[in-house]
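Novice: the following block contains a protein sequence and its predicted model.
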Amino acid sequence: MKKRFFLVGIFTMLLLCCGFLNAAVKKRDTISTNLNGTSWKLTEIRKNGRNSRIPEKANVTINFLKYNINGFGGTNGYSGSYKLNRNSTLSATVTSTLTGGAQDLMNLEQDFFDILQSNPVIKYNKDTLTLTNKREIWTFKNPDTVNQNDKDSLPLSNLNETSWKLTQIKKNRWNSYISENTNVTINFSKNKINGFGGINGYSGNYKINRDSTLSATITSTLIGGAQDLMNLEQDFFDILQSNPVIKYNKDTLTLTNKAGDIWTFKKSNTVNQNDKDSLSLLNLKKKLLNTSWKLIDISDTKMRKILTTNEIRITLNFSEDRIHGDSGVNNYFSNYIMASDNIMVGPIGSTKMAGPDNFMRLESQYLNILKNSKKIKLDNNRLIFMTDDGKTLTFKEM
């Protein structure tokens, strides 16, 4: 009888232990789930109890997916894997592109990569995330609320989800000629700005300062065109990034620079087709955010045969302005700009593993088409990338 009770006791203890282990696993999984699909932007660094200067143009970000981490270090994009440990520390391993830049940004980037991979203590709520080691505290904010919480900024809600089209330019108090075919637009979405410069699409971040100036940093596609449109586009990008005074009401928006040039934009009640295309692509970018796709077709016949007759997996994942995935043998990552019906993929970084020759050839061709793609469309649940010379990649959502 005693032996029976003893065995029952052991069995009960095992059940309790399993219960505790399951609870711990569930707790750990819950932490990971809470971070999955979130994005964060650096707003403050404290070293040895004192605030450290963050360069004005610094843009350090972290994006979390289920098991992967990526973002921008200040000069280079990065990507890797992460896990949250039971002692509330973050274990992350990342690789990055190797682009040079301003020395202060490169120093900041190296410090960021150091703390990110130092097993820092991680704490977060819906608006704020901190990484802490023995000497430093790095604070990140949800990008949707960065400007609202920035003491030097005004709320963006009045501009959020508004679109504007250029109607007039005044230089030295005289109206400048605008070609009939000119289509210069600005779209605001939370703390993001994008639109069409006349020839190229552009995209970036913005904030409105308390002195009623607009601070914007943008990148654009690099398509050439008629000289008058190229000159106009350059002037537009110049004023947009010159910290102009911004004024707007429900119908009109103006940008005024220090020279007194005034660019006037109107919000039309009737959206023309170009604006519809722009808004459609804006919606497409939102649809692609935090989605994953698998390559199902490539235009090169030989590569298609390798893809369809082998167990090779090529994937594409979207996060905020970033893409990453499995290229067959290696993992890759890059940034991208999408505006109008154009897409531009930035320099692609990847791991450096070797594999079977046919897989390596397919991987090389895939990455080459991806980085040279200029058009993107979503058709019948198929995502298609296209180059200027007609090469295509077709994906199916996973």
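Specialist: On my side now, so go ahead.

Novice: got any ranges where the stretch 101-250 of the chain has weak pLDDT?
Specialist: Within the stretch 101-250 of the chain, the stretches with pLDDT under 70 are 144-157, 179-181.

Novice: now do 80
Specialist: For the stretch 101-250 of the chain, the stretches with pLDDT under 80 are 143-158, 172-173, 177-181, 190, 210-211, 221-225, 250.

Novice: CA atoms of the helix or strand that contains Val94 as CSV?
Specialist: Per DSSP states H and E, Val94 falls inside strand 90-96. Taking C-alpha atoms only, strand 90-96 is exported to CSV below (Å, rounded to 0.1, in the frame of the first residue of the first chain):
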residue,chain,number,x,y,z
LEU,A,90,17.4,39.6,-25.2
SER,A,91,19.7,37.3,-27.2
ALA,A,92,20.2,38.5,-30.7
THR,A,93,22.6,37.6,-33.5
VAL,A,94,22.7,39.9,-36.5
THR,A,95,24.6,40.5,-39.8
SER,A,96,24.5,43.8,-41.7
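
Novice: the following helix or strand past it vs strand 90-96, what angle?
Specialist: Per DSSP H and E, the first helix or strand lying C-terminal to strand 90-96 is helix 103-116. Per axes from the mean of the first three to the mean of the last three Cα atoms, to 10 degrees, the angle that helix 103-116 makes with strand 90-96 is 140 degrees.

Novice: can I get helix 103-116 in CSV, CA atoms only?
Specialist: In CSV, the C-alpha atoms belonging to helix 103-116 read as follows (Å, rounded to 0.1, in the frame of the first residue of the first chain):
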residue,chain,number,x,y,z
GLN,A,103,31.8,58.9,-38.8
ASP,A,104,29.3,59.9,-36.0
LEU,A,105,26.6,57.7,-37.6
MET,A,106,29.1,54.8,-38.0
ASN,A,107,30.1,55.1,-34.3
LEU,A,108,26.5,55.2,-33.2
GLU,A,109,25.7,52.1,-35.4
GLN,A,110,28.6,50.2,-33.8
ASP,A,111,27.5,51.1,-30.3
PHE,A,112,23.9,49.9,-31.3
PHE,A,113,25.1,46.6,-32.6
ASP,A,114,27.2,46.1,-29.5
ILE,A,115,24.3,46.6,-27.0
LEU,A,116,21.9,44.7,-29.2
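
Novice: what helices and strands are in contact with that helix?
Specialist: strand 90-96, strand 136-141 (3 or more Cβ pairs under 8 Å, 6 or more residues apart in numbering; DSSP states H and E). Any C-beta I mention is one placed from the backbone N, CA and C, and that applies to glycine too.

Novice: show me the helices in the stretch 51-200 of the chain, by range?
Specialist: 103-116, 143-149 (DSSP state H, counting those that start in this stretch).

Novice: quick check: buried residues in stretch 304-316?
Specialist: Within stretch 304-316, the residues scored as buried using 16 or more other Cβ atoms under 10 Å are 306-307, 312, 314-316.

Novice: no wait, stretch 380-398
Specialist: Quick answer for stretch 380-398 (16+ other Cβ under 10 Å): 383-387, 391, 393-395.

Novice: those in strands, which ones?
Specialist: Here DSSP state E is the test, and the buried residues of stretch 380-398 give 383-387, 393-395 as lying in strands.

Novice: helix, strand or coil: sort out Met360 for me.
Specialist: helix (DSSP: H, G, I helix; E, B strand; the rest coil).

Novice: in this structure it contacts Ser327, no?
Specialist: No - the pair Met360 and Ser327 does not pass the contact test of Cβ atoms under 8 Å, sitting 9.9 Å apart.

Novice: so for these two, which residue has more residues nearby?
Specialist: Ser327 (25 against 16; other Cβ atoms under 10 Å).

Novice: list the contacts of that one.
Specialist: For Ser327, the contact set (Cβ atoms under 8 Å, 6 or more residues apart in numbering) comprises 314, 350, 363, 366-367.

Novice: repeat that for 10 Å
Specialist: 295, 312-316, 348, 350-351, 359-360, 362-364, 366-367, 370 (Cβ atoms under 10 Å, 6 or more residues apart in numbering).

Novice: what do you get for Gly74?
Specialist: By Cβ under 10 Å, 6+ apart, the contact list for Gly74 reads 42, 54-55, 57-61, 101-102, 104-113.
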